[in-house]
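Peer 1: Just need the structure, nothing else, for what follows:
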Amino acid sequence: MKPQKTAIITGAGQGIGLAIAEKLAAQSINLILNDLEEGLVTEACERISRIHGVSTIAIAGDASSEKVIESMIKTALSNFGTVDIVIANSGITLFGAFLEYSRADFMEVSRVNQAGTFFLAQAAARVMKDQLNGGALLFTSSVTAHQSHENLAAYAMSKAALEMLAKNLVLELAPYNIRVNTIAPGATATNRTILDPEYENTWSKITPLGRAASVQDIANAAAFLVSEEARHITGQTLIIDGGWTSVSPSPYA
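Peer 2: Residues are numbered from 1 along each chain as shown. Okay, here's the model as predicted:
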């Protein structure tokens, strides 16, 4: 019998991160789940463990924090012995017009989205290298890294950076059989977006496939990219948007 794998997922208390966690749990993968909100991630772990019977540990805190990153890695190793999959899903969106955008907001978006992903990937890759059996890293980008979207210049910039990071890391990590890929979700119905009563209706009208994505749509793609079925895929970005980036009509039109 193959040994169980261990995955670390940030931003996993709800939405896309939680859906990915549930998908991996159904494959008997042990989980270290992180979210800024302790109540959310604790509840997520309890629910997943109860339903899927896998070991699931919650670590609350800022996923870009050096201490939290260290805690996630150490917890995975001390409880399960390996770090096999890391999904850097945590991120923030701070809207604002380019001409008025503040330095504070820019630095915060960069810190969480770029630095948080970079240093979690670095810490995980160091462990995977020493384990000698490879691993899979997955970053969460956005369709805004491919098409312009009003009031999201800083956010789009940070997400495009993650796609280039995945591509660049192929040079350094492929020799250790560590794969690095990125998903770029489009409009997705999550706990946050459905607070806007017009969100799904608006995006359904401008998405070629006729609807916004579900979190399961995104989780299915993520689970594939970190699986053995994708063992010859690295340095790639998979856009999951129902065709929106092919036509790119603005939701504000």
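Peer 1: where do the helices sit along the stretch 101-250 of the chain?
Peer 2: Using DSSP state H, counting those that start in this stretch, the helices found in the stretch 101-250 of the chain span residues 103-109, 116-131, 153-173, 199-206, 215-225, 244-247.
Peer 1: The ones you listed into TSV, with extra columns for mean pLDDT, mean neighbour count and distance to S28?
Peer 2: Placement of C-beta: from N, CA and C, glycine included. As requested, the helices of the stretch 101-250 of the chain are exported to TSV (pLDDT from 0 to 100; neighbours: other CB atoms under 10 Å; distance: least, CB to CB, whole Å):
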stretch	mean pLDDT	mean neighbour count	distance to S28
helix 103-109	98	14	36
helix 116-131	98	19	19
helix 153-173	98	19	26
helix 199-206	88	16	33
helix 215-225	98	21	13
helix 244-247	92	15	34
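Peer 1: quick one, which of these is nearest to D35?
Peer 2: With CB to CB, the closest approach to D35 among the helices of the stretch 101-250 of the chain belongs to helix 116-131: 12.9 Å.
Peer 1: what helices or strands is that closest one leaning on?
Peer 2: For helix 116-131, the helices and strands in contact under the criterion 3 or more CB pairs under 8 Å, 6 or more residues apart in numbering; DSSP states H and E are helix 66-80, strand 85-88, strand 135-140, helix 153-173, strand 178-185.
Peer 1: check contacts around S90.
Peer 2: Under the criterion of CB atoms under 8 Å, 6 or more residues apart in numbering, the neighbours of S90 are T10, G11, G17, N34, D35, L36, A63, S64, V112, G116.
Peer 1: in a strand, that's where the second one is, yeah?
Peer 2: Right, the one you point to is G11. No - counting by DSSP: H, G, I helix; E, B strand; the rest coil, G11 is not found in a strand; it is coil.
Peer 1: Please report how far M128 lies from T6.
Peer 2: Counting by CB to CB, to the nearest Å, the gap between M128 and T6 amounts to 11 Å.
Peer 1: for V68, same thing?
Peer 2: Distance check for V68 against T6: by CB to CB, it reads 17 Å.
Peer 1: repeat for I87
Peer 2: Taking CB to CB, one finds I87 at 12 Å from T6.
Peer 1: try R111
Peer 2: According to CB to CB, R111 stands 27 Å off from T6.
Peer 1: nearest residue to S214 other than its sequence neighbours?
Peer 2: Counting by CB to CB, 6 or more residues apart in numbering, S214 lies nearest to A189, which is 5.9 Å off, once chain neighbours are set aside.
Peer 1: Equivalent analysis for S204, please.
Peer 2: Using CB to CB, 6+ apart and skipping the chain neighbours, the partner closest in space to S204 is R211 (4.9 Å).
Peer 1: mind listing what the one you found touches?
Peer 2: The neighbourhood of R211, defined by CB under 8 Å, 6+ apart, consists of E200, W203, S204, G242.
Peer 1: got it, and I92?
Peer 2: Remark: with contacts taken as CB under 8 Å, 6+ apart, I92 is in contact with E108, V109, V112, N113.
Peer 1: what residue ranges in this protein are flagged as low confidence?
Peer 2: 1-3, 253 (pLDDT under 70).
Peer 1: Quick test: name the residue nearest the centre of it.
Peer 2: Taking CA atoms, centre = their mean as the criterion, N89 is the residue nearest the geometric centre of the chain, at 2.3 Å.
Peer 1: Would you confirm that that one contacts T140?
Peer 2: Yes - counting by CB atoms under 8 Å, N89 sits close enough to T140 to count as a contact (4.5 Å).
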